[in-house]
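Trainee: what's the 3D shape of this:
(one chain, ligands or ions: 2)
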Amino acid sequence: VTTEERDRRATRRSIGRQDWSSWPTYEASALGLPGRYWYPVMWSSQLRNKPVAVTLLGRPVVFFRDGGVPYALHDRCPHRGVPLSYGKQQFPGTLSCPYHGWTFDLATGVLRAVITDGPDSPLCGKVSVDTYPVAERLGMVWAFLGEGAGEVPSIDVAIPQELREHEFTMGGRIDVRRGGWRFAAENGFDEGHAKYLHRNALWRILKVMPTWTRTRVVAVDDGWITRVQDEVHWEAHFPGLGTFSGKRWWKRGGPKSQVLGASPSKAPSVDPVIAAMNVPGNQSIRVPGLLRIVHPRFIHYEWYVPSTEDEYIYVQLFVQFRVGMSALLAKLRYLLFVRWLFHGQFTGQDRWMVEAMHAPPERLYRPDISITRWRALCEASPKTGQAVIPPQTPAAGGPGLAEHF
Ligand code: FES
Ligand SMILES: [Fe+2]
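Mentor: Ligands and ions are numbered 1, 2, ... in the order given. The predicted structure is shown next:
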């Protein structure tokens, strides 16, 4: 091998990945992972006796509430292709297309009447539109969608264990954002960016962010993978350039308050529910696109629900395990403060990056172990919508970076 050839190969290697063919399932998942899953769609309070049109996993879906019960149907009239969401209800238990009055049963999607063809229309019962299972949890309407057949698992499989087992108060935001659900999920679990991109966010104004870390990704229970920090550096000297540090006199934190790689469950002042969760690290993700950030006194969740190839429904939830008066105060704190600083400006920085990002090609770096482990999890994603525990990483060789990267 000549020097030139070696250089050429080295140069080519350093360019990075030209595509995502290492993760073919993931690469093909612009409209969601294979299999069927429960996805949150909108706040329950947004769904009333008026059709709501939503694009989910690239398909048009109309939601409608009747007698207090939410329904979801494929949003296209089989007659001439008009959206059923343009229509209205003429008879209980049904929705009528605005064009010629074809009238579909909300629960089954079967054509029950054709208003402009009289009561003896021969098409009744012979035509139908697809319906989707719908449920309500966490103050939201959920739909079960995707490719495949078989039993519909309980909505419980989509609800994190700690939210199934404890009382809590919550606040949140739901928006449609651009950039695609995969970039949003990768950004959510991205190890490297928070310390730099968010270093001056108002939400972090009083808290120092580390400069750099060494990180592992481990599989935990309930389907999650979690980032564990083996080293946290609060400043770094870059030879020939200078020192970088996020430390400022007005910011709390830093080496004195941070035990290396500590879990939020082991913080000095921790909510008892969060202490009992005993998480090894505070940032976790699971299929089909749910991020969980555990802090000592609250948990932040975000869902990335595929809409079109370039859009996703971004659901942010802020949970505190409080009841009674304490819950009211927590809710107030959310509305006055957290909603604007964290679910507004802070995750607005993420929106900015997710919209601007364009990959592949990409040249990943060491902290991107978080991204490659997430893609590997998606690659092996169960097709049932069930939360499944991924295989534990091998203990042999210790927790070094090399085995994961
Ligand atoms: S297009 Fe719907 S009734 Fe004709
Ligand atoms: Fe972020």
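Trainee: CA only for contacts and neighbour counts going forward, please
Mentor: Noted.
Trainee: what about stretch 331-345, how long is it end to end?
Mentor: 19 Å (CA to CA, to the nearest Å).
Trainee: average pLDDT for it?
Mentor: Averaging pLDDT along stretch 331-345 yields 95.
Trainee: and what of stretch 350-362?
Mentor: 95.
Trainee: ok, now stretch 54-62?
Mentor: For stretch 54-62, mean pLDDT is 98.
Trainee: mind listing the helices for the stretch 151-300 of the chain?
Mentor: Using DSSP state H, counting those that start in this stretch, the helices of the stretch 151-300 of the chain run over 161-165, 181-189, 193-197, 272-277.
Trainee: mind showing which ranges of the chain have poor pLDDT?
Mentor: By pLDDT under 70, the low-scoring segments of the chain are 7-8, 10-13, 254-262, 382-405.
Trainee: Does the most centrally placed residue in it lie in a helix or a strand, and which?
Mentor: The residue lying closest to the centre of the chain (CA atoms, centre = their mean) is Trp303, at 2.4 Å. For Trp303, the host element (DSSP states H and E) is strand 299-306.
Trainee: just checking, what packs against that strand?
Mentor: Judged by 3 or more CA pairs under 8 Å, 6 or more residues apart in numbering; DSSP states H and E, strand 299-306 is in contact with strand 36-43, helix 181-189, strand 290-294, strand 311-320.
Trainee: what residues does the protein put near ligand 1?
Mentor: Selection of the chain residues close to ligand 1 by CA under 6 Å from any ligand atom yields Cys77, His79, Arg80, Gly81, Val82, Cys97, Tyr99, His100, Gly101, Trp102.
Trainee: how about CSV for these, with distance to Gln89 and neighbour count added?
Mentor: Shown next, in CSV, are these (distance: CA to CA, whole Å; neighbours: other CA atoms under 10 Å):
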residue, distance to Gln89, neighbour count
Cys77, 14, 21
His79, 18, 11
Arg80, 19, 9
Gly81, 18, 11
Val82, 16, 16
Cys97, 9, 26
Tyr99, 13, 16
His100, 13, 14
Gly101, 10, 19
Trp102, 11, 23
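Trainee: Determine which two of the residues you listed are furthest apart.
Mentor: Gly81 and Gly101 (12.8 Å; CA to CA).
Trainee: Give the residues shared as contacts by these two.
Mentor: Among the neighbours of Gly81, none is also in contact with Gly101 (CA atoms under 8 Å, 6 or more residues apart in numbering).
Trainee: circling back: ok, which of the helices of the stretch 151-300 of the chain comes nearest Arg286?
Mentor: Of all those, it is helix 181-189 that lies closest to Arg286, at 9.7 Å by CA to CA.
Trainee: What residues of the closest one count as buried?
Mentor: Using 16 or more other CA atoms under 10 Å as the test for burial, helix 181-189 gives Trp181, Arg182, Phe183, Ala184, Ala185, Glu186, Asn187, Gly188, Phe189.
Trainee: If you compare the directions of it and strand 311-320, what angle comes out?
Mentor: 30 degrees (axes from the mean of the first three to the mean of the last three CA atoms, to 10 degrees).
Trainee: which strands and helices sit next to helix 181-189?
Mentor: strand 283-286, strand 290-294, strand 299-306, strand 311-320, helix 347-356, helix 369-379.
Trainee: And the contacts of that helix?
Mentor: 30, 32, 193, 283-285, 289-291, 304-307, 309-313, 350, 354, 357, 370-371, 374.
Trainee: let's see it at 6 Å
Mentor: In this structure, residues lying in contact with helix 181-189 by CA atoms under 6 Å, 6 or more residues apart in numbering are Tyr304, Pro306, Tyr312, Val354, Ile371.
Trainee: Report the contact partners of the last one.
Mentor: Same thing as Ile371. Neighbours of Ile371 in contact, by CA under 6 Å, 6+ apart: Glu186.
Trainee: before we move on, what about the second one?
Mentor: Counting by CA under 6 Å, 6+ apart, Pro306 makes contact with Leu31, Gly32, Leu57, Trp181, Tyr312.
Trainee: Once you drop chain neighbours, what's closest to it?
Mentor: Nearest residue to Pro306 in three dimensions, chain neighbours excluded: Tyr312, at 4.7 Å (CA to CA, 6 or more residues apart in numbering).
Trainee: Near the one you found, how many other residues are there?
Mentor: Using other CA atoms under 10 Å, Tyr312 has 26 other residues around it.
Trainee: thought it was touching Trp303?
Mentor: No. The pair Tyr312 / Trp303 is not scored as a contact, 9.3 Å apart, by CA atoms under 6 Å.
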